[in-house]
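[1] Any chance you can model this:
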Amino acid sequence: MFRARLPVPPGAGPGYDPVMALTIEDVDRFEASRPRLEAIAYRLLGSASEAEDAVQETFLRWQAADVGQIRVPEAWLTKVLTNLCLNQLTSARARRETYVGEWLPEPLLAGDPMLGPADTAEQRESVSYAVLVLLERLSPNERAVYVLREAFGYPHREIAAILDLTEAASQQLHHRARKHVADGKARTEVDEAAARRIVDEFLAAATSGRTEPLVRLLTQDAVAVGDGGGKVPARAKAFRGALEVATFMRGLFKPGKAKRALIGGSPGVHATTANGDPALVAVLDGRIVGVICFAVTPEGITAIRSQVNPDKLERATRHWAGTDHGEPLLHAF
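    Below is the predicted model of the structure:
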């Protein structure tokens, strides 16, 4: 069969080897794997932008390899990507020690393909905002095993080959990771109608000007935390307890000139889901300026996590621009 080769890439130096260049079929094979690779990388890193970078670096490794000698391309690509992400996680931990304030994952809005497979409860849970926060507590290897097993159903034999572990070690890491996640988990999966009801009730309470309606929606041990990345004001430590969280949220939704001046206007507030959880999105002039994610249990809202770091809202803004979202529920501030 004729295998057309791609043109010589721009900037290719004297060391460029056209024999090792990718064919169109090789590129197509990689592109077919890209959605899965991006979904794996996002769960491993908690950052869409870093996930995109890791997948691009994987492509460069693919481009430099003798792909004709790679027997199982999907396995090869997964191994390369996972190990790139493990290296990234190690360096990311050092960076997060100097991060200004709380570090939260980059939220993905409903319909974003980077959310990956969502056919089972395990797959949906593995990309929930609450679980992504919990995964930050795991070692890099524990996180990799958890993601590959829970979200993508890899058998331990394949995980062991990807991570250069024994099968028994992979099983042990998975057991530890699941226990850590289960011990810290405070979230119940809700359908779209229930998510909208939760958001509507929260907004009504938050804009009532009173603390009591908010307290009734929260669990007694509720927490609220925000990530501004040092670029947008956000409290360095979490609010804890129903009364403290309710007082903060009441103040947050209280109109004020200073708030409007800080962000440049009065954003529209929309109900949606982010990472499968009920969420509010604040939009100003087509740009998302904040995403509030709710973790919900049968007892009430147990966590409110607000992402306002503009660097972590760029992909959400691009996705928002390509979707139909209707009129805002209200204009804040």
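
[2] where do the strands sit along the stretch 101-250 of the chain?
    For the stretch 101-250 of the chain, applying DSSP state E, counting those that start in this stretch gives strands covering 218-227, 239-240.

[3] quick one: average confidence on the longest one?
    Same thing as strand 218-227. Regarding strand 218-227, the rounded mean pLDDT is 96.

[4] Check the burial of residue 50 by counting its neighbours.
    18 (other CB atoms under 10 Å). Yep, even glycine has a C-beta here, placed from its N, CA and C like the rest.

[5] that's a helix at it, yeah?
    Yes: counting by DSSP: H, G, I helix; E, B strand; the rest coil, residue 50 falls inside a helix.

[6] what residues are up against the closest residue to it other than its chain neighbours?
    In this structure, residue 50 finds its nearest non-sequential neighbour in residue 88, 6.3 Å apart by CB to CB, 6 or more residues apart in numbering. For residue 88, the contacting residues are 45, 50, 54, by CB atoms under 8 Å, 6 or more residues apart in numbering.

[7] between the residues you listed, which is closest to residue 222?
    Nearest to residue 222 out of these is residue 45 (CB to CB; 27.5 Å).

[8] give the contact list for the nearest residue to residue 274 once chain neighbours are set aside.
    Spatial nearest neighbour of residue 274, excluding adjacent residues (CB to CB, 6+ apart): residue 107 at 4.2 Å. Applying CB under 8 Å, 6+ apart, we find residue 107 in contact with 129, 274, 275, 279, 291, 293, 307, 312, 313, 316.

[9] now residue 315
    Counting by CB under 8 Å, 6+ apart, residue 315 touches 48, 49, 106, 108, 112, 114.

[10] hmm, which of the residues you listed are the buried ones?
    48, 106, 108, 112, 114 (16 or more other CB atoms under 10 Å).

[11] pretty sure residue 70 is in contact with residue 79, am I right?
    No: look at residue 70 against residue 79 with CB atoms under 8 Å: they stay out of range, at 10.5 Å.

[12] Verify the contact between residue 103 and residue 133 for me.
    No: Residue 103 is beyond contact range of residue 133, at 9.2 Å (criterion: CB under 8 Å).

[13] before we move on, back to that, mean neighbour count and distance to residue 270 for the strands of the stretch 101-250 of the chain - can I get that in TSV?
    Converted to TSV, those look like this (neighbours: other CB atoms under 10 Å; distance: least, CB to CB, whole Å):
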stretch	mean neighbour count	distance to residue 270
strand 218-227	21	19
strand 239-240	16	24
